[in-house]
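*Asks:* Based on what follows, work out the 3D shape:
(one chain, ligands or ions: 1)
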Amino acid sequence: PAATLTIDPAFTIAPVNRRTFGTFVEHMGRCVYTGIYEPGHATADEDGFRKDVLELTRELGASVVRYPGGNFVSGYRWEDGVGPRDERPRRLDLAWHSIETNEFGLDEFSRWCAKAGVEPMMAINLGTRGVPEALDLLEYANHPGGTTLSDLREQHGAAPYGIKLWCLGNELDGPWQVGHKTPTEYGRLAAETARAMRMIEPDLQLVACGSSSSKMPLFGTWERDVLRETYEYVEYISCHAYYGNEDGDTASFVASAVDMDHFIESVVATADHVGAELKSSKKIGISFDEWNVWYSDRSRCTDGPADQWEVAPRRIEDQYNVTDAVVVGNLLISLLRHSDRVGVACLAQLANVIAPIMTEPGGAAWRQTTFHPFAITSRLATGQVLRVETDSPTISTARYGAIPAVDAVATYDAGRLSIFATNRSTEAPVEITVDVSRSGVTTVDEAVVIHDEDLTATNTAGDPDRVTAKPLDTRLADGKLTITLPAISWVAASLS
Ligand code: AHR
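*Replies:* As a prediction, the model looks like this:
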């Protein structure tokens, strides 16, 4: 089969938003403890941060990091995590049925962000808490000084953090959430919290919680009802999506980005509908602040024996294979394609917990298969996102019907063209001819493919580079780039 792609630098969608390459650090399992933070580890720095993980975070090209949850935040008291370490309380964390030592908190996270070169995105607890605690946290984090809380931060040795991006709670539509709410209860609380936070800092960027997945019973009405309350006070509504191959329907799993496209477009339509009702010219953006492949162990999150409470237990440490990496690459194509509305996106999570970076306590850190498409896209996608005109053979999937085998997006930045494409066929390779004549490019600077004959191949501590991006053969002549994508593969090419 053959496909053609036509690219023109004039077909712009929006500028590449660096925040598309966000990720997520939750106090869950070993994401924080023995993930990014492990005093005593051979690579630990003076703050106890693992330097091997810091290096991999930089290489991943993460831009923004959401923190501290997730479900965890809905029962969290941020004050527990600041001040002298030996006075910090140990608490039960109901979200993940574990013990939180609070050794790591806001001040440590902020220092870690500075070292990793990422922007913090803070979530506040609107499950068990409300307006006063959100205001306290904002005052502690950002106020220059002269108040009890801002002076306390100063005593803890920190200048104002200047955090601009805030999530108003997490997944409060989910019955699993501590402090689960109806859309109107949540919408009112989020609106009041946002209004008050803006009285301290008018230019904050705030995210209201959307549905915790598009399969939730209230999906659509939740977004509508929440935005009816919050429209004028927030910049974003969140989307969360996890895709899995648990039923062995690989063809549908590989096509997961079809669902992400539909999800984003449905939430945009809902937001615009509320905007029309309110006669507002403002547009609400999407913060896709949790997305990934996640299929194993979903039930193991909170199901431990009721009397067993551990510090940093292993939780959902999915080991990703080649197919998962191809899906992650395609989900990034979907996010980039929607750059006109997706302002923030966070791969959930960063370390150990459904993560691109794995570690062993006291041992090595390595890149999962999914690390590679993320790092490559983050590095190569710059400038303007371009709409790609795609003519592709179709494939049939049980979940999404007939879909184009090839999915692609491109970016263009001052003479440099980057193309990201995937072949979602589980059976046949596709030869793609890309018309790049309008871009004026004449050289292929880099071209890589993620694919393996063994679709279940993974990276492990013992074999950390079993799956990486490999060089891809290309032909560029007369303004046409020709590449062949094997069945279930993802490619990136950069031309100038
Ligand atoms: O990322 C893991 C969990 O998935 C998050 O805590 C929660 O928000 C979502 O359900």
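
*Asks:* going forward, measure contacts and count neighbours with C-alpha atoms only.
*Replies:* Noted.

*Asks:* Helix, strand, or coil at residue 207?
*Replies:* Classification of residue 207 by DSSP: H, G, I helix; E, B strand; the rest coil places it in strand.

*Asks:* neighbours around it, how many?
*Replies:* By other Cα atoms under 10 Å, 28 other residues sit near residue 207.

*Asks:* Could you confirm residue 230 falls within a strand?
*Replies:* No. Counting by three-state DSSP, residue 230 falls outside a strand, being helix.

*Asks:* For it, which non-adjacent residue is spatially closest?
*Replies:* residue 191 (4.8 Å; Cα to Cα, 6 or more residues apart in numbering).

*Asks:* Return the residues in contact with the spatially most central residue of the chain.
*Replies:* The structure's the chain has its C-alpha centroid closest to residue 346; by Cα atoms, centre = their mean the separation is 1.6 Å. By Cα atoms under 8 Å, 6 or more residues apart in numbering, the contact set of residue 346 is 20, 21, 22, 23, 24, 64, 65, 66, 288, 289, 290, 291.

*Asks:* Neighbours of the fourth one, how many?
*Replies:* By that I understand residue 23. Using other Cα under 10 Å, residue 23 has 31 other residues around it.

*Asks:* swap in the third one?
*Replies:* Using other Cα under 10 Å, residue 22 has 28 other residues around it.

*Asks:* which residues does it bridge with?
*Replies:* Here residue 22 shows beta-bridge partners residue 346, assigned using DSSP bridges.

*Asks:* ok now do it, which residues does it touch?
*Replies:* Residue 22 neighbours (Cα under 8 Å, 6+ apart): 62, 63, 64, 65, 66, 289, 344, 345, 346, 347.

*Asks:* which residues touch residue 364?
*Replies:* Residue 364 touches residue 461, counting by Cα under 8 Å, 6+ apart.

*Asks:* From residue 493, how far off is it?
*Replies:* 31 Å (Cα to Cα, to the nearest Å).

*Asks:* Ok, residue 480 next?
*Replies:* Residue 480 sits 13 Å away from residue 493, going by Cα to Cα.

*Asks:* ok, back up a step: from the contacts of residue 22, which land in strands?
*Replies:* Judged by DSSP state E, these include 64, 65, 66, 289, 344, 345, 346, 347 as members of strands.

*Asks:* Tell me if I am right that the residue nearest to residue 230 is in a strand.
*Replies:* No. Read with three-state DSSP, residue 191 is helix and lies in no strand.

*Asks:* Now do it: how many residues are near it, please.
*Replies:* 23.

*Asks:* What of residue 431?
*Replies:* Count around residue 431 with other Cα under 10 Å applied: 18.

*Asks:* The one 3 residues further on too?
*Replies:* Residue crowding around residue 434 was assessed by other Cα under 10 Å; the count is 21.

*Asks:* What pairs with the helix or strand containing it, parallel or antiparallel?
*Replies:* Secondary structure assignment for residue 434, by DSSP states H and E: strand 430-435. Partner strands for strand 430-435, per DSSP bridges, with pairing direction: strand 2-6 (parallel), strand 480-485 (antiparallel).

*Asks:* I'd like to know which elements the next helix or strand after the last one is packed against.
*Replies:* Proceeding C-terminally, strand 480-485 gives way to strand 489-495 as the next helix or strand, assigned by DSSP H and E. Here strand 489-495 touches helix 322-337, helix 371-380, strand 416-423, strand 444-450, going by 3 or more Cα pairs under 8 Å, 6 or more residues apart in numbering; DSSP states H and E.

*Asks:* low-scoring stretches of the protein, by residue?
*Replies:* 296-304 (pLDDT under 70).

*Asks:* Would you mind naming what in it lies close to the ligand?
*Replies:* 69, 70, 71, 170, 171, 348 (Cα under 6 Å from any ligand atom).

*Asks:* Please consider this matter closed, and thank you.
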